[in-house]
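Enquirer: Curious how this folds, go ahead:
(one chain, ligands or ions: 1)
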Amino acid sequence: MSDTSSQTVDDRRETGPERAGENRPKGRSIKPLALLWPYVKRHIGLVFVAAVFLVVAALSALTIPYLFGQAVDAGQGGQSGAQLLDTIDRYFFYVLAAAVAMGILSALRFYFVSRFGERVAADLRTDLYSKLLSLSPRFHANIRSGEAVSRLTADVSLIETFLGSSASLATRTILSTVGAIIMMLVTNWQLGGTLLLMIPLAMFPVMFIGRIIRGASNKAQTKLADAGAQAAEALDAIELVQAYGQEKQRQASFTTAAEEVFRAALKRITARAFMILAVSIMLLGGMVGILWLGARSVANGNMTPGELTQMILYAFYAGSGFGMLAEVWGEVMRAAGAADRATEILNERPEIRAPATIVPTAPDHRGHLVFDRVNFSYGQADAPALKDFSLDVRPGEFVALVGPSGAGKSTVFRLALRLFDPQSGRILVDDVAATDTDPALWRAQFAYAPQESALFTGTARENIAFGALGAVSDKQLIKAATMAEAWRFLEEKGGLDANIGQKGRSLSGGQRQRVALARALVREAPILLLDEATSALDSESEGLVQKAIATAAEGRSTLVIAHRLSTIRRATRIVVMDDGRIVEEGSHDTLVAKGGLYARLAEMQFAAAAAE
Ligand SMILES: Nc1ncnc2c1ncn2[C@@H]1O[C@H](COP(=O)(O)OP(=O)(O)OP(=O)(O)O)[C@@H](O)[C@H]1O
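Expert: Sure, this is the predicted structure:
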């Protein structure tokens, strides 16, 4: 964050990229800033050093007008030519020395204060991200989309600006303003007192216009963000826009948005122009006023020319100090809002936690998965997603879960992975209950391949190794890819270093599924949870995926949410779900013969495949 002290009132916020978090809501009070104390405390040494430089730099700045005044008066005395020159040289040397000292101290203050701000921001960001990763999907489902990321980026940036710049700016402005006022009164209490009464009067219009500018500025930025989002959406779906010939309509709505941005900006510019006018008149007018009153005092013999110089400089300090405080106040309130939101996440307790005494998972890893009369609903207001659900997947068994949409199949997986805990009933692996052990140990017993085959931007190596429970060699990765029928195409794309594009988009659907299977295979967990993709694959891909599933299932207990007849046929048992319950169980043939829900589903869903 840049130090803003050197900028004048009319170029702050006017130039450069949009400040991070400009549109984030402000806090209602500064109280939440106290929540940052644990982070500040960690670097208390740094705070102390920064505070020392801050105070000393502010005090050294206050000596400059005094020395100037002394220099001016020294030049007035009835000294001889050589003496006079000598005195002038001496005083100007003092002023220069004070200026250099102030420069050095300010640089050191800037370094330590900014370093402190950045340090706390880095700590806070790391803690927030780690907390966000530990919070359950329920928390993430309830927080507005993008909000978690905003807290990690924009809010932390606001706190960083506060600690690394605004707090120091405010402290030293208060120091130098109070110091300047005292010095004004000491120099000449009548003139000082008169000016002191005038400063708040002059500040009023500045603060009033400042408020208008901030309002207009926020509006312009919101409009700009809306227009940007609209443009991004259209450009992201450029194929669709062009295919439907929607370029003109899209252009028209963007033009409207761009014009609105312009109008909002115009309001802000106009208000700022008035601000520049008011500030210029007040500054210059103020200076002229002081000079006038001062000149009269000097003429009357109530004041020396040096004291007048001193007074003008201190008045300038005090005037700009008030202006700066009004500006910084907004940043402080914004940081308070950010601190409130950031700590709200930090104080959140993860819903899924390890118990006080952890039962270790079974060492022999047979993979015996049991659901014992499980009842579960997502929220208090939601209908139960699983009702009295009991299922026993024996070691090495291959069980296919089928059922209509919304039956609760994915919920079974979520509970098995302990992303949620049931309201009643138990889930066990090899006789150890999920709630009795550590979530990480529990989840290490499962290899999960989701329907979407979500892959991460990066290389094949990174994506497959993602599944591993510890360090893994290239040889093991290649073995897993080979078993998942993924190695042949990956090899052509550059092997383990193959870049699979953003979210794996440079692979075909079938290829993505096989990389996801390789990721599950490398895990060497006793239970495989596989959510089969619903999208159709050509028969060659289908064959390869089937082969990969067969290999993956070998030697493990496998639970598959099955959509393909070929997968279902492979199952030792088919479990049919409807409305959160198991309604039928058996082999394909017995279930078809029974003529129940499965028979109907099979007729609708699998007819085409069966005909092949
Ligand atoms: N996060 C959630 N919050 C609230 N309700 C949910 C949530 N996820 C699922 N449900 C509800 O729980 C029920 C079971 O959903 P689930 O996703 O397990 O069904 P499914 O059998 O996997 O369906 P599909 O085959 O369409 O994926 C549905 O009624 C669904 O609306």
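Enquirer: Just confirm residue 485 is within a strand.
Expert: No: read with DSSP: H, G, I helix; E, B strand; the rest coil, residue 485 is coil and lies in no strand.
Enquirer: For it, which residues are in contact?
Expert: Contacts for residue 485 were tallied using C-beta atoms under 8 Å, 6 or more residues apart in numbering; they are 514, 517, 544, 545, 547, 548, 551. Backbone N, C-alpha and C define where each C-beta goes, glycine included.
Enquirer: ranges for the helices of the stretch 501-612 of the chain?
Expert: Secondary structure of the stretch 501-612 of the chain by DSSP state H, counting those that start in this stretch: the helices cover 509-521, 539-553, 565-570, 588-594, 597-605, 607-611.
Enquirer: Pipe the ones you listed into TSV and attach mean pLDDT per row.
Expert: Converted to TSV, the helices of the stretch 501-612 of the chain look like this (pLDDT from 0 to 100):
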stretch	mean pLDDT
helix 509-521	86
helix 539-553	77
helix 565-570	81
helix 588-594	88
helix 597-605	81
helix 607-611	50
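Enquirer: Against residue 73, how distant is the residue lying farthest from the centre of the chain?
Expert: No residue in the chain sits farther from the centre than residue 80, which is 69.2 Å out by C-alpha atoms, centre = their mean. Distance of residue 80 to residue 73, given as C-beta to C-beta, to the nearest Å: 17 Å.
Enquirer: One more: residue 492?
Expert: For residue 492 relative to residue 73 (C-beta to C-beta), the value is 87 Å.
Enquirer: Between these two, which has more neighbouring residues?
Expert: residue 73 (18 against 9; other C-beta atoms under 10 Å).
Enquirer: Would you verify that that one is located in a helix?
Expert: Yes: counting by three-state DSSP, residue 73 falls inside a helix.
Enquirer: tell me which element the residue nearest to it when sequence neighbours are not counted falls in.
Expert: Leaving aside its chain neighbours, residue 73 sits nearest to residue 306 (3.1 Å; criterion: C-beta to C-beta, 6 or more residues apart in numbering). Using DSSP states H and E, residue 306 sits within helix 305-346.
Enquirer: mean confidence for that helix?
Expert: Helix 305-346 carries an average pLDDT of 84.
Enquirer: Quickly run through the sheet partners of the helix or strand following it, with directions.
Expert: Proceeding N to C from helix 305-346, the next assigned helix or strand is strand 369-376, under DSSP H and E. Using DSSP bridges, the strands paired with strand 369-376 are strand 386-393 (antiparallel), strand 424-429 (antiparallel).
Enquirer: Count the neighbours of residue 330 for me.
Expert: Residue 330 has 15 neighbours, counted by other C-beta under 10 Å.
Enquirer: do residue 313 as well
Expert: 19.
Enquirer: Name the nearest residue to it, sequence neighbours excluded.
Expert: Residue 313's closest residue in space is residue 65 (C-beta to C-beta, 6+ apart), at 3.4 Å.
Enquirer: Distance check, the one you found against residue 99.
Expert: Taking C-beta to C-beta, one finds residue 65 at 11 Å from residue 99.
Enquirer: Equivalent analysis for residue 83, please.
Expert: 25 Å.
Enquirer: what do you get for residue 115?
Expert: Using C-beta to C-beta, we find residue 115 at a distance of 24 Å from residue 99.
Enquirer: repeat for residue 38
Expert: Distance, residue 38 to residue 99, by C-beta to C-beta: 39 Å.
Enquirer: how about the strands in the stretch 101-250 of the chain?
Expert: Counting by DSSP state E, counting those that start in this stretch, one finds no strands in the stretch 101-250 of the chain.
Enquirer: number of nearby residues for whichever residue of it sits closest to the ligand?
Expert: Here the stretch 101-250 of the chain gets closest to the ligand at one residue, residue 141, 5.3 Å apart by C-beta to the nearest ligand atom. Residues lying near residue 141 (other C-beta under 10 Å) number 10.
Enquirer: dump the residue contacts of the residue most central in space within the chain.
Expert: For the chain, residue 152 is the residue whose C-alpha lies nearest the centre (C-alpha atoms, centre = their mean; 2.2 Å). Residue 152 sits next to 125, 128, 129, 132 when contact means C-beta under 8 Å, 6+ apart.
Enquirer: Just these: which are in helices?
Expert: Within those, residues falling in helices by DSSP state H are 125, 128, 129, 132.
Enquirer: And those, which two are furthest apart?
Expert: Within those, two members stand farthest from each other by C-beta to C-beta: 125 and 132, at 10.5 Å.
Enquirer: residues contacting the residue lying closest to residue 364 once chain neighbours are set aside?
Expert: Spatial nearest neighbour of residue 364, excluding adjacent residues (C-beta to C-beta, 6+ apart): residue 430 at 7.2 Å. Contact partners of residue 430, counting by C-beta under 8 Å, 6+ apart, are 361, 362, 364, 365, 366, 367, 368.
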